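# How does the following fold in three dimensions:
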Amino acid sequence: MTSLLFLTTVVTAQENISTDSPFLPIGGAVSPSESANTPSGPVEFCGTLQIGGKVVYGLYDTVAQKGRWLSLNEPEDGWAIRSFDAVRRQLSVEINGQSHVLSLREPRFEGATQQAQPVQPAPVAAPPAVNPADEAARLKAVAEEIRRRRTLRQKQQGQPLSGAATQGQP
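Numbers count the residues shown, from 1 in each chain. Modelled structure (predicted):
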């Protein structure tokens with residue numbers, strides 16, 4: 001009975017899972033052969049992003065070394081996205097009155113030629129040897145300073161001196 005309930009819960013949960021992957025282009029997966037991977041010149045189409053139902057497209061100006069995110073048919077500084085072909089992964093862009101068709105830039109990754117070397121921990125220096133007599137003298141001086149400051153504070157506040165402050169107790 002318990003396993004039947006569990007199986008029913010799993011099947012119901014799987015029916016409610018979204019099939020849209022945030023890692024795939026909008027419109028689904030496209031094989032690399034369907035996408036033209038040609039250099040787009042001074043402007044590159046870098047990607048798409050969907051936030052709250054609004055889709056924005058990433059463009060990068062290689063000359064000015066500046067990126068921007070634009071929405072469809074919302075011109076900005078002479079740049080406007082006119083259309084997006086999800087199958088071909090191509091963007092039709094108008095830049096300062098000139099039309100361009102840009103293909104989605106493929107990721108550029110060059111594998112590492114060497115493996116990273118593990119980081120060796122820095123050697124820890126041993127604490128300096130402490131003379132017990134010096135340490136006792138230091139602690140006595142600290143206790144005396146605490147008593148002195150406590151007495152001054154109580155005098156400034158007009159409080160009667162406590163027994164600890166007058167008897168030499170910290």
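
# So which residues of this structure form strands?
43-51, 54-61, 66-71, 79-85, 90-95, 98-103 (DSSP state E).

# buried residues in the second one?
It stands for strand 54-61. Val56, Tyr57, Gly58, Leu59, Tyr60 (16 or more other C-beta atoms under 10 Å). Just so you know, the C-beta spots here come from the backbone N, C-alpha and C atoms, and that holds for glycine as well.

# still on that earlier bit, redo the strands of the chain as CSV? Include mean pLDDT.
Formatted as CSV, the strands of the chain follow (pLDDT from 0 to 100):
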stretch, mean pLDDT
strand 43-51, 87
strand 54-61, 89
strand 66-71, 90
strand 79-85, 90
strand 90-95, 90
strand 98-103, 89
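
# Just name the most buried of the ones you listed.
strand 90-95 (a mean of 18; mean count of other C-beta atoms under 10 Å).

# Okay, angle between that one and strand 66-71 too, please.
Interaxial angle, strand 90-95 versus strand 66-71 (axes from the mean of the first three to the mean of the last three C-alpha atoms, to 10 degrees): 110 degrees.

# Now do strand 90-95 against strand 54-61, angle only.
Using the same axes, to 10 degrees: strand 90-95 against strand 54-61 is 70 degrees.

# Need the contact partners of strand 90-95.
With C-beta atoms under 8 Å, 6 or more residues apart in numbering as the test, strand 90-95 has contacts from 35-36, 43, 45, 57, 59, 75, 78-85, 99-104.

# make it 10 Å
Residues from elsewhere that reach strand 90-95 (C-beta atoms under 10 Å, 6 or more residues apart in numbering): 35-36, 40, 42-43, 45-46, 48, 57-59, 61, 70, 72, 75, 77-85, 99-104.

# just to revisit the earlier point, out of the strands of the chain, which comes closest to Gly158?
The closest of these to Gly158 is strand 43-51. By C-beta to C-beta, the value is 63.8 Å.
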